[in-house]
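In: Provided below for reference: sequence and predicted model.
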Amino acid sequence: MAAAETANCIMEVSCGQTECTEKPNAEDMTSKDYYFDSYAHFGIHEEMLKDEVRTLTYRNSMFHNRHLFKDKVVLDVGSGTGILCMFAAKAGARRVIGFTRCHKRTGFSTSPESPYTHWKQTVFYMEDYLTVKTGEEIFGTIGMRPNAKNNRDLDFTIDLDFKGQLCELSCSTDYRMR
């Protein structure tokens, strides 16, 4: 299997690639192969989430030991559905990274040209046009914070610095999303 066909899906936002061996034939599988392959099926994750005793025990052990999580960085290797990541975040971890292995890259885009998702698509229109050639890079930052008067609104600031072959633009633009 090529590196491009497998990925480490990081729930934090990014994805990285890794090498892996192909899944063995059924007659060549060991107990270890069967064990790890079982997590590739959604049914096991549903079963674990429905196991209230197990799930609440994990949650309570984290919530009752908040002092161990406060301001820490937590790495959950083999995070599956990410339930333990959520518990760690709610227990006060400064940052939580959930890491699980996928047999193939997964993801989606909220680009206006991509199929619709329930996360909607937000387009920020700028005052000036950018003419960008293939290979040129746009540098900048996007800041987001709750609005001071109404925390259900979001204030965005986009700082942009572009020096291309056909145009140059440095600007800072503020937006409000209601």
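Out: Looks like it arrived, so ask away.

In: Point to the helix or strand of the protein where mean pLDDT is at its lowest.
Out: When each helix and strand of the chain is scored by mean pLDDT, DSSP states H and E, strand 7-10 comes last, with a mean of 34.

In: The longest helix anywhere in the chain packs against which elements?
Out: When the chain is parsed with DSSP state H, its longest helix is helix 52-63. Counting contacts by 3 or more CB pairs under 8 Å, 6 or more residues apart in numbering; DSSP states H and E, helix 52-63 is packed against helix 42-50, helix 83-90. Where C-beta positions appear, they are placed from N, C-alpha and C, glycine not excepted.

In: Let's see the helix or strand following that helix as CSV, backbone CA atoms only.
Out: Counting by DSSP states H and E, the next helix or strand C-terminal to helix 52-63 is helix 66-69. Extracted in CSV, the C-alpha atoms of helix 66-69 (Å, rounded to 0.1, in the frame of the first residue of the first chain):
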residue,chain,number,x,y,z
ARG,A,66,-9.0,17.5,37.0
HIS,A,67,-5.7,18.5,38.7
LEU,A,68,-4.0,15.9,36.6
PHE,A,69,-5.3,17.4,33.3
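
In: Next, the residue of the chain positioned farthest from its centre: secondary structure please.
Out: Computed with CA atoms, centre = their mean, the maximum C-alpha offset from the centroid of the chain is found at residue 27, amounting to 36.1 Å. Three-state call for residue 27 (DSSP: H, G, I helix; E, B strand; the rest coil): helix.

In: Would you map out the domains in this structure?
Out: 3-102, 114-178 (automatic domain parsing).

In: Now do the shortest one, average pLDDT.
Out: Per-residue pLDDT values over domain 114-178 give a mean of 89.

In: measure that domain end to end?
Out: Distance between the two ends of domain 114-178: 23 Å, counting by CA to CA, to the nearest Å.

In: quick one: the strands in this protein?
Out: Along the chain, the stretches classed as strands by DSSP state E are 7-10, 15-17, 73-77, 95-102, 139-146, 154-163, 168-177.

In: if we can go back for a sec, which stretch in the helices and strands packed on helix 52-63 has the least confidence?
Out: helix 42-50 (a mean of 73).

In: Stretch 165-178: which residues count as buried?
Out: residue 169 (16 or more other CB atoms under 10 Å).

In: Can you give the contact residues for that stretch?
Out: Contacts with stretch 165-178, where a contact means CB atoms under 8 Å, 6 or more residues apart in numbering, come from 122, 124, 126-133, 136, 147, 152-162.

In: likewise stretch 50-64?
Out: Taking CB under 8 Å, 6+ apart as the rule, stretch 50-64 contacts 48-49, 69, 83-84, 87-88, 90-91.

In: gap between that stretch and the chain center?
Out: Relative to the chain's own centre, stretch 50-64 is displaced by 24 Å; criterion: CA atoms, centre = their mean, to the nearest Å.

In: Having no further points to raise, I will conclude here.
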